[in-house]
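K.L.:
Predicted structure and sequence below. I'll ask about it afterward.
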Amino acid sequence: MQKNKVVGVTSIGQEGAEQYRTLMKQAVDVAADWLTVDKMFDGMPIQTLRDQLNHIEMIPAKGVGDRRALQEANEYFLQHALQVHHPLCSAHLHCPTTLASQLAEVLINVANQSMDSWDQSPSATLFEEHIITQLRQHIGYAAGDAGIFTSGGTQSNFMGLLLAREYCLKHYPTYQKHDLVVLCSEQAHFSVQQSMLLLGFDDSAVVTIACDHGGRIVVDALAATLRDLALQGKKAFAIVATAGTTDTGAIDDLSAIASLAKQFEVWLHIDAAWGGILLFSQRYRDRLQGIELADSIALDFHKQFLQTISCGAFVLKDAANYELIRRHDDYLNPIEDELEGVPNLVSKSIQTTRRFDALKLWMSFRSIGAEQYANMVDYSIDLAQQVAAYIDQSDKFELVNSTQIASVLFRIKKHALGDKDSTQVHRFIAQLLFDEGRANLGITRREGETTLKLTLLNPHTQFEHVKALLATIERLLTRC
Ligand SMILES: *Cc1c(COP(=O)(O)O)cnc(C)c1O
């Protein structure tokens, strides 16, 4: 570290390289030791953690130095953190990470490039463009580089709806803003609603379409709603289809929805934040059939692509539509740059300063390769199916969803509950497993009833882990 002699602040630079090496090795030791801990979570109560933290003077008059700060972060944060790579840490779409992703983080952080303009991220800019180009190929889009890395599905969905609205206002000028609505399924991610709020619409502008038992949008109902809207003089400016709903992993019928979108001249945005991983599946790629017909797509890499948070992408079919939101600033992305072929990615993003998260995906693909990625995806879907079949024939549990990707929803059967309250029992068991650091189970509601959820995206999770968990749940049932 370079010590500024005047103010005593350490920042890295040429002279600090050795200090950087030494300290980073220490940090890696701390991190690697933590990885060997068996328990998913040490179960420290909220109040104890809060008291510990309150006890430390966060902004001391005199700093404690890097070594001590590292020690303290280990003691007060890392030792009580959730081990997301634990085979039964399966409540959410929260993934263990590839080693390549962790390696990339070191380079991303040391270089600290910012992806907004070429002069803040030379070379990195080209990597990002290159990955977008490759992703477009996998989607089945025309060649090009229209798309951008984002903080995740939420931001990508927002970008899709922003562009869709601008497109509609430009191409269908007879409609006023209050005539516009968005159509999505009742299982669509809440960021659709949130984006609409940000775009200045109220909740009534989000028309939700019913889903079938599997959580997929009922296409006939969508068609009927589109016809009704036309009669009312309203205009849907976007249909949001979901490829892998967050809660059940349901994949809408993308091709059928795409033909409706075409017929009614509506922008189709596909939220593939969860299901986008199937682009890289060997055996289940056809479940995304029709994705190439979308006008825009949201992808998330900090889910089953196993990248460190955050890492997502927004992909736009027709580059010309970027014109709808392009803005220039003399100091950042001047028109002259564009004319000279200097890429300033800020023109494609709603974020200005932005991390070089694309490197993680680049290194993971390079390191792991397409075959292993495909094996991993297919393995998780097979595992989910195996678990679902096992639950389905058990006399204590009932299966709640049909699995299209790696989500399995189930609950304890009525007769096994006896006269106990279902919600209380399910919550009690999930809480106990969490506090004891044994598993993180999702809790949700399906058709009005409390339901447990396993999201099996960890390639190290085995059928035996899940069987043991179910046996534990049966045992705990007697303690309720
Ligand atoms: C996770 C998820 C999102 C939100 O993505 P973030 O990365 O958390 O912003 C949106 N849509 C779906 C279907 C998701 O599963």
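P.N.:
Happy to help now that I have it.

K.L.:
Would you mind measuring the gap between the ends of stretch 169-188?
P.N.:
This stretch, stretch 169-188, spans 24 Å end to end (CA to CA, to the nearest Å).

K.L.:
Of all the residues in it, which ones are buried?
P.N.:
Residues of stretch 169-188 classed as buried: L169, D179, L180, V181, V182, L183, C184, S185, Q187, A188 (neighbour count, 16 or more other CB atoms under 10 Å). No exception for glycine: its C-beta is placed from N, CA and C like everyone else's.

K.L.:
got it, and stretch 38-55?
P.N.:
Buried-residue list, stretch 38-55, by 16+ other CB under 10 Å: M40, F41.

K.L.:
now it, how far from the centre of its chain.
P.N.:
26 Å (CA atoms, centre = their mean, to the nearest Å).

K.L.:
you'd agree S195 is up against F158?
P.N.:
Yes. The criterion here is CB atoms under 8 Å, and S195 meets it with F158 at 4.2 Å.

K.L.:
Compare neighbour counts for those two and give me the winner.
P.N.:
More neighbours surround S195 than the other of S195 and F158, with 26 against 22 (other CB atoms under 10 Å).

K.L.:
burial count for R327?
P.N.:
By other CB under 10 Å, the residues close to R327 number 8.

K.L.:
do the same with V240
P.N.:
29.

K.L.:
ok so, going back, which ones among the buried residues of stretch 169-188 lie within helices?
P.N.:
Counting by DSSP state H, the part of the buried residues of stretch 169-188 found in helices is L169.

K.L.:
tell me what the strand or helix carrying H269 is packed against?
P.N.:
H269 is part of strand 267-272 when elements are defined by DSSP states H and E. Here strand 267-272 touches helix 153-171, strand 235-242, helix 254-263, strand 296-300, going by 3 or more CB pairs under 8 Å, 6 or more residues apart in numbering; DSSP states H and E.

K.L.:
now the angle from the longest one to strand 296-300?
P.N.:
Yep, that's helix 153-171 we're talking about. 170 degrees (axes from the mean of the first three to the mean of the last three CA atoms, to 10 degrees).

K.L.:
which other helices and strands contact the longest helix along the chain?
P.N.:
Ranked by number of residues, the top helix in the chain under DSSP H is helix 358-392. In terms of contacts (3+ CB pairs under 8 Å, 6+ apart), helix 358-392 is packed against helix 99-111, helix 124-139, strand 397-399, strand 407-412, helix 463-477.

K.L.:
Export those to JSON lines and append columns for mean pLDDT, mean neighbour count and distance to the ligand.
P.N.:
Below are these laid out as JSON lines (pLDDT from 0 to 100; neighbours: other CB atoms under 10 Å; distance: least, CB to the nearest ligand atom, whole Å):
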{"stretch": "helix 99-111", "mean pLDDT": "97", "mean neighbour count": "16", "distance to the ligand": "15"}
{"stretch": "helix 124-139", "mean pLDDT": "98", "mean neighbour count": "18", "distance to the ligand": "16"}
{"stretch": "strand 397-399", "mean pLDDT": "96", "mean neighbour count": "18", "distance to the ligand": "21"}
{"stretch": "strand 407-412", "mean pLDDT": "96", "mean neighbour count": "25", "distance to the ligand": "10"}
{"stretch": "helix 463-477", "mean pLDDT": "97", "mean neighbour count": "16", "distance to the ligand": "21"}
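
K.L.:
Take those and lay them out in JSON lines including distance to L441.
P.N.:
Shown next, in JSON lines, are the helices and strands packed on helix 358-392 (distance: least, CB to CB, whole Å):
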{"stretch": "helix 99-111", "distance to L441": "25"}
{"stretch": "helix 124-139", "distance to L441": "32"}
{"stretch": "strand 397-399", "distance to L441": "12"}
{"stretch": "strand 407-412", "distance to L441": "10"}
{"stretch": "helix 463-477", "distance to L441": "8"}
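
K.L.:
closest to A91 out of these?
P.N.:
strand 407-412 (11.0 Å; CB to CB).

K.L.:
and that closest one, what does it pack onto?
P.N.:
Counting contacts by 3+ CB pairs under 8 Å, 6+ apart, strand 407-412 packs against helix 358-392, strand 397-399, helix 422-435, strand 449-455.

K.L.:
residues in the stretch 251-400 of the chain within reach of the ligand, list them.
P.N.:
D271, A273, W274, D300, G312 (CB under 6 Å from any ligand atom).

K.L.:
what's the closest non-adjacent residue to the second one?
P.N.:
Closest residue to A273 apart from its sequence neighbours, by CB to CB, 6 or more residues apart in numbering: G153 at 3.2 Å.

K.L.:
Quick one, grab the pLDDT at N333.
P.N.:
According to the prediction, N333 has pLDDT 79.

K.L.:
mind checking how far it is from P343?
P.N.:
As for N333, its distance to P343 is 9 Å (criterion: CB to CB, to the nearest Å).

K.L.:
Also R355?
P.N.:
17 Å.

K.L.:
Over to L279?
P.N.:
With distances taken as CB to CB, L279 is found 25 Å from P343.

K.L.:
what's the answer for I368, then?
P.N.:
For I368, the distance to P343 - CB to CB - is 28 Å.

K.L.:
Who has more neighbours out of these two?
P.N.:
Set side by side, I368 and P343 show more neighbours around P343, with 19 against 16, by other CB under 10 Å.

K.L.:
Which of the helices or strands spans that one?
P.N.:
Short version, using DSSP H and E: P343 is in no helix or strand.

K.L.:
While we're on it, how confident is the model there?
P.N.:
Value listed for P343 in the pLDDT field: 92.

K.L.:
picking up where we left off before, is it possible to get CSV of the residues of the stretch 251-400 of the chain next to the ligand that adds neighbour count?
P.N.:
Below are these laid out as CSV (neighbours: other CB atoms under 10 Å):
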residue, neighbour count
D271, 32
A273, 29
W274, 30
D300, 29
G312, 26
